[in-house]
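Trainee: predicted model follows, preceded by the sequence.
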Amino acid sequence: MSTPTYEMRYCPHCATALAWVQAPEDSGLVDRLRCPACGWTHWNNPTPVLAAIVEYHDQILLARNALWKDRFFGLITGFMEAGESPEQGIAREVKEEVNLDVQQCTLVDVSAFLRMNQVLISYHVVATGEIALSPELSEYRLVDPAQATVWTTGTGLALQKWLRARGFEPQVIERYPQTSAQASSAAPNDDAASGAPTAAAPPSATSPTAPHDGAGDAVALEVDAKGLRCPQPILRAKKALATLQSGQRLRVLATDSGSLQDFAAFARQTGNALIAQHTDEAGVHHFVLQRR
């Protein structure tokens, strides 16, 4: 069962449908989802998420979420609640999820997790007690720091930082290994993978033509916005379109279900032409926009 994606589409004050409206801000004119009736603005600020590198009897506790289909074990994570500090929040999460009491808490890292529009606040905690898993977790592992395997994104970066600060060089893995076909079309770094625009590959011996939009015309630029939620795909597309000349085309890849309606509305409101769109077998939505 997939986790539903919830998006802001109506004003929480007056229930009017939100629209992309350009308004002056400190940085100049900015397009955001705003209420045409009362002026309320959806700022879409990043959500703070807490993560714990739990040290238990000199080992690292890693847990597996009950909803994960793969055999991945990660850090204890959770959202802050109103009225608590990050340190109080992570102690509460550790207690709720594995029934351990935090005795020491040290900040390890604060980083952006762009794909989920989150700010990760990661701590090393020393915990005591008897482990008992919440219904959210299916199992756990205790791993010696010298034998830890870490992942390349999100909380895996904080775990890498903590281990290296203690003299351990961990084995680094990709949670979702790419096939050769996927690797040839995937963005080569974290910024691009999280939605930064990347230039289309120029013609070469192995790529005789530039990327095409399905109608026979080459696109000048491609934005990979897979994994980003509303309004990030639109904002990335708008920024990329600003770099193009009139008549040039932009391809956007997105997985947000709301993007099907958002890009149609964006085209109507901005005058840029939405000349093609389709959804592939993997559920990725492809949009081709032509700069006005």
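Mentor: Structure's in. What do you need? Residues are numbered from 1 along each chain as shown.
Trainee: for the record, mean pLDDT for stretch 171-186?
Mentor: The predicted model assigns stretch 171-186 a mean pLDDT of 55.
Trainee: which residues of the stretch 1-150 of the chain fall in strands?
Mentor: With DSSP state E, counting those that start in this stretch as the definition, the stretch 1-150 of the chain shows strands at residue ranges 19-25, 28-34, 41-42, 47-56, 59-65, 76-79, 101-113, 118-128, 137-143, 149-151.
Trainee: report the secondary structure state of Leu235.
Mentor: State at Leu235, reduced to three classes by DSSP: H, G, I helix; E, B strand; the rest coil: helix.
Trainee: which residue packs closest to it, ignoring adjacent ones?
Mentor: Excluding its sequence neighbours, the residue lying closest to Leu235 (Cβ to Cβ, 6 or more residues apart in numbering) is Asp31, at 7.3 Å. All C-beta atoms are positioned from the backbone trio N, CA, C, and that covers glycine.
Trainee: could you check how far that neighbour is from Ile275?
Mentor: Applying Cβ to Cβ, to the nearest Å, the value for Asp31 to Ile275 is 21 Å.
Trainee: cool, and Val119?
Mentor: Noted for Val119: a distance of 37 Å to Ile275, by Cβ to Cβ.
Trainee: so who does the nearest residue to Gly89 once chain neighbours are set aside touch?
Mentor: If the residues on either side of it in the chain are set aside, Gly89 comes closest to Met80, at 4.4 Å by Cβ to Cβ, 6+ apart. For Met80, the residues meeting the contact criterion (Cβ atoms under 8 Å, 6 or more residues apart in numbering) are 48-50, 86, 89.
Trainee: residues near the residue lying closest to Ile90 once chain neighbours are set aside, how many?
Mentor: Nearest-residue entry for Ile90: Leu50, 4.6 Å, with adjacent residues in sequence omitted and distances by Cβ to Cβ, 6+ apart. Using other Cβ atoms under 10 Å, the number of residues around Leu50 comes to 25.
Trainee: do the same with Asp144
Mentor: Using other Cβ under 10 Å, Asp144 is surrounded by 10 other residues.
Trainee: start the count at 764 instead of 1 going forward.
Mentor: Got it, the first residue is 764 from now on, which makes the last one we talked about Asp907.
Trainee: tell me the spacing between it and Arg929.
Mentor: If you measure Asp907 against Arg929 using Cβ to Cβ, the figure is 12 Å.
Trainee: and if you look at Ala909?
Mentor: Using Cβ to Cβ, one obtains 10 Å as the distance from Ala909 to Arg929.
Trainee: what's the neighbour count on the residue nearest to Arg878 when sequence neighbours are not counted?
Mentor: Excluding its sequence neighbours, the residue lying closest to Arg878 (Cβ to Cβ, 6+ apart) is Gly990, at 4.2 Å. Other residues lying near Gly990 total 18 when counted by other Cβ under 10 Å.
Trainee: picking up where we left off before, show the pLDDT at the residue nearest to Leu998.
Mentor: At Asp794, the pLDDT value in this model is 90.
Trainee: again, but for Glu856
Mentor: Here, the pLDDT recorded for Glu856 equals 97.
Trainee: the residue nearest to it when sequence neighbours are not counted bridge partners, please.
Mentor: When the adjacent residues along the chain are set aside, Glu856 lies closest to Gly841, with 3.8 Å between them (Cβ to Cβ, 6+ apart). With DSSP bridges as the criterion, Gly841 is bridged to Leu813.
Trainee: is Gly841 in contact with Leu813, as I believe?
Mentor: Yes: the pair formed by Gly841 and Leu813 meets the contact definition of Cβ atoms under 8 Å, at 5.7 Å.
Trainee: what about the strands in the stretch 914-1055 of the chain?
Mentor: With strands called from DSSP E, counting those that start in this stretch, the stretch 914-1055 of the chain shows them at 934-936, 960-962, 984-988, 1012-1017, 1036-1042, 1048-1053.
Trainee: any idea how far the nearest residue to His1041 once chain neighbours are set aside lies from Phe835?
Mentor: The shortest distance from His1041 to any residue other than its chain neighbours is 5.4 Å, reached at His1049 (Cβ to Cβ, 6+ apart). Taking Cβ to Cβ as the measure, His1049 and Phe835 are separated by 28 Å.
Trainee: same question, Arg1054
Mentor: Looking at Arg1054 against Phe835, where the rule is Cβ to Cβ, the gap reads 41 Å.
Trainee: more neighbours: which of those two?
Mentor: Neighbours were tallied for Arg1054 and for Phe835 using other Cβ under 10 Å; the higher tally belongs to Arg1054 (20 against 14).
Trainee: thanks a lot, catch you later.
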